[in-house]
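curious how this folds, go ahead:
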Amino acid sequence: MAMSIERKLTEAFKRDQAELQCPPSLDERIMADYGRMAMDGRRNKHMKNKRGLSRVAIIAAVIAVLSGFGYAGTQLLFSDSLGKYSIRMQSNEALTISPEVLDHARASLKAVQDELAPGTTAVVYLPEVFSEYRGAPLPIGVTSPDWIAGALEWRAVLEEKGVTETLPDSLLGGAYTLKAGSLKSPFHVLMGLDAMDRMNEMIAEHNATNGEGPLWRLTEPSSEGPESYYTSVYRDVNDEALYYTWQIISDASIKTEALTSPSTVYEELDLDGYKAHYTQNDQSLFGESNVLQGIMWMEEKEGETIVHHVESDSASMTKERLVEVASSLQ
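Below is the predicted model of the structure:
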């Protein structure tokens, strides 16, 4: 059945590729999380092809088939969808990396992040992370969020952007207070359509020079894409952070395919009637520690799909406290 679906999608893509004007880099090397990049604001998101499917929908479907999700050692953690958003997260044995490689990769990404101007994003080539992965290495995005300090200042930005979601002043009974906000997420990085082209440049440079340092290129996500991020950071007296992010999808459907290490822990939760997904990744490339925990759930409101993310990059945060935070936000 899967092979039959693959053939149908591939044939559909071939018939429509002239109309889709898909970037040349979207070939058999398409990576698992590249679906959102296909939705560049420079293209008309509402145009339909002759069979009535949006261009975005077709591209996302072909990406799902041609990416590495059929490789041996892959296990489905969860899949979910609501309104304009769908996600499938899988673990892959090939993404197991040693503590030494993990520390080196995290240090490399931190070094790149420190060089970025606030509000900018880079695509990074770290071949050691994908040494056992079949297919082309996936580009890794890293961003330097332009943090807007102060609760009042951040609320003013949200009001200006027309965001009407309820944002509490504090979490966990006042233990964490609202300190800042950003129009980006440190953990969910949007890259531009040029990401794979920049990757190919860096692969060629790496092969030519056999360099050991991290290679990176700036990338510019579309400012007119169908999804927007709003991240609020709360801190306690020890400066430990909790991140509450709204991922708001407005105009077009988005399909996210996510790969993670096989050590990632997953649990489905019920948050006052909302189906939620808890993950704990102990091989995170981002954050203050290599442990990243998150709870996500979705809702529809006024024609938009809102994906809520509550996340912690602290190794001392417990699942129970994170669940308490997420429950208080219902």
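
who are the packing partners of the helix or strand hosting His277?
Per DSSP states H and E: His277 is located in strand 274-281. In terms of contacts (3 or more CB pairs under 8 Å, 6 or more residues apart in numbering; DSSP states H and E), strand 274-281 is packed against strand 74-82, strand 265-271, strand 292-301, helix 319-328. Placement of C-beta: from N, CA and C, glycine included.

tell me the strands beside it, with direction?
strand 265-271 (antiparallel), strand 292-301 (antiparallel) (DSSP bridges).

what is the neighbour count of the residue lying closest to Asn290 once chain neighbours are set aside?
Leaving aside its chain neighbours, Asn290 sits nearest to Ser284 (5.3 Å; criterion: CB to CB, 6 or more residues apart in numbering). Around Ser284 there are 21 other residues, counting by other CB atoms under 10 Å.

repeat for Gly150
The tally of other residues near Gly150 (other CB under 10 Å) stands at 13.

quick check: chain neighbours aside, which residue is closest to it?
The shortest distance from Gly150 to any non-neighbouring residue, by CB to CB, 6+ apart, is to Ala180 (7.0 Å).

what's whichever strand or helix holds Leu259 packed up against?
Assessed by DSSP H and E, Leu259 sits inside strand 254-260. For strand 254-260, the elements it packs on are helix 55-66, strand 85-92, judged by 3+ CB pairs under 8 Å, 6+ apart.

lowest average pLDDT across those?
The stretch with the lowest mean pLDDT among the helices and strands packed on strand 254-260 is helix 55-66, at a mean of 34.

got the buried residues for whichever strand or helix holds the residue nearest to Gly150?
Assigned by DSSP H and E, Ala180 falls within strand 176-182. By neighbour count with 16 or more other CB atoms under 10 Å, strand 176-182 contains the buried residues Tyr176, Leu178, Lys179, Ala180, Gly181, Ser182.

which of those residues sits closest to Asp270?
For the buried residues of strand 176-182, the closest approach to Asp270 (CB to CB) belongs to Tyr176, at 23.6 Å.

so what's that closest one up against?
Ser170, Tyr234, Arg235, Asp236, Glu240, Leu242 (CB atoms under 8 Å, 6 or more residues apart in numbering).

please name the nearest non-neighbouring residue to the last one.
What it means is Leu242. Among residues not flanking Leu242 along the chain, Tyr234 sits closest, at 4.5 Å (CB to CB, 6+ apart).

the one you found bridge partners, please.
Leu178, Leu242.

do you know how far Val101 is from Tyr229?
For Val101, the distance to Tyr229 (CB to CB, to the nearest Å) stands at 29 Å.

and Trp246, what does it touch?
Per CB under 8 Å, 6+ apart, neighbours of Trp246: Val163, Glu165, Tyr229, Tyr230, Ile306, Val307, His308, His309.
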